[in-house]
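# Build me a model from this:
(chains A, B and C)
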Amino acid sequence: MPHLRGRLIQNAEFRQMRVLRGDADETVRRLVGRRITSLERRGKFIMMHLDGGGGIFTVHLGMTGRLLIGGEIGKHTHAILQLDRGVLTYDDPRQFGRLEWSAGVPRSVGKLGPEPLLVEFPEFWQTLHRRNTKLKALLLDQKFLGGVGNIYADEALFRARIHPFTTASKLSKPRAVRLYDAIRQVLAEAIEGRGSSVSDYVDADGRLGSFQQSHRVYQRHGEPCLVCCRPIRRTLVAQRGAHYCAHCQKR
DNA sequence: GACGATGTTGGCAC
DNA sequence: GGTGCCAACATCGT
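Here you go, the predicted structure:
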């Protein structure tokens, strides 16, 4: 968000307390009068660093959160930050997102595993091969890798030709290499396409993503596999929809 | 209108 | 400690 670096927060208002961690008045006091010096992403968290040792304002978009510059204020607008240039709003119908001011790196961010695009294979393998959980569940575990969500877990497993039910510790090293490569490839492509606009996701400028056009299994259940033409299946793993091809993805 | 799906995480039970 | 289940919420498609 190049719009935010260097901006002065002139005013702040929080309307829905559910998305805000901590006290609203306290958060407003911490933000107003501060300048955003830099932005940093860790996993699915966005951290805004404030000047003069002013701490960090952290945002997690949850499933339906949006941070928009100059967006309209509607019934799901839960935070409004008046900047010296423009207005930053946080919208979130389902209110699964979180906003939080903290003096240092918040606990939620501290618990995250390594960045998927930065982690080296030996570390990835070290953790993976001693976990007894299903691979799909492990990929969704933010302590394993920070930032992999449901869409990209399914897409990575398909591209690596590995069944989502496979027990992590039973995965051979060559197949782990395939998974490692697939995760990085899928994330890099998704970033290039500015995300997946499955329903109405938009980026900071209000633009739709395009990666959903590259989905090979996610939300394609019943449709033919792009490799073998057999129907894509959908089941539940860790209470989340898991989409896969039973023929192409071996356990 | 009812029902079940949806991109997430944290807390609690076993 | 590792793992799994559920809740929080609004909206949309069947």
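# Tell me the residues of the stretch 1-150 of chain A that contact DNA strand C?
When proximity is defined as C-beta under 7 Å from any atom of the strand, the stretch 1-150 of chain A approaches DNA strand C at A:R18, A:K75, A:H76, A:P93, A:R94, A:Q95, A:F96, A:R131, A:N132, A:T133, A:K134, A:A137. Placement of C-beta: from N, CA and C, glycine included.
# Restricted to helices, list the residues you listed.
Of those, the ones assigned to helices by DSSP state H are A:A137.
# can you give me the strands in the stretch 51-200 of chain A?
Secondary structure of the stretch 51-200 of chain A by DSSP state E, counting those that start in this stretch: the strands cover A:56-60, A:66-69, A:77-83, A:87-91, A:98-102.
# Taking strand A:87-91 as reference, get the angle to the third one.
I take that to be strand A:77-83. 170 degrees (axes from the mean of the first three to the mean of the last three C-alpha atoms, to 10 degrees).
# Name the residues of strand A:77-83 that come out as buried.
Judged by neighbour count (16 or more other C-beta atoms under 10 Å), strand A:77-83 contains these buried residues: A:T77, A:H78, A:A79, A:I80, A:L81, A:L83.
# The strands of the stretch 51-200 of chain A: which one's closest to DNA strand B?
Across those, DNA strand B has its closest neighbour in strand A:56-60 (5.8 Å, C-beta to the nearest atom of the strand).
# Tell me if that closest one is near DNA strand B.
Yes. Applying C-beta under 7 Å from any atom of the strand, one finds strand A:56-60 touching DNA strand B at A:H60.
# For that strand, which strands pair with it and how are they oriented?
Neighbouring strands of strand A:56-60 in its sheet, by DSSP bridges, are strand A:45-50 (antiparallel), strand A:98-102 (antiparallel).
# hang on, the earlier thing: which one of the buried residues of strand A:77-83 sits closest to DNA strand C?
Nearest member of the buried residues of strand A:77-83 to DNA strand C, counting by C-beta to the nearest atom of the strand, is A:H78, at 10.7 Å.
# ok, back up a step: as CSV, the strands of the stretch 51-200 of chain A with mean pLDDT would be great.
Putting these into CSV (pLDDT from 0 to 100) gives the following:
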stretch, mean pLDDT
strand A:56-60, 97
strand A:66-69, 92
strand A:77-83, 97
strand A:87-91, 95
strand A:98-102, 97
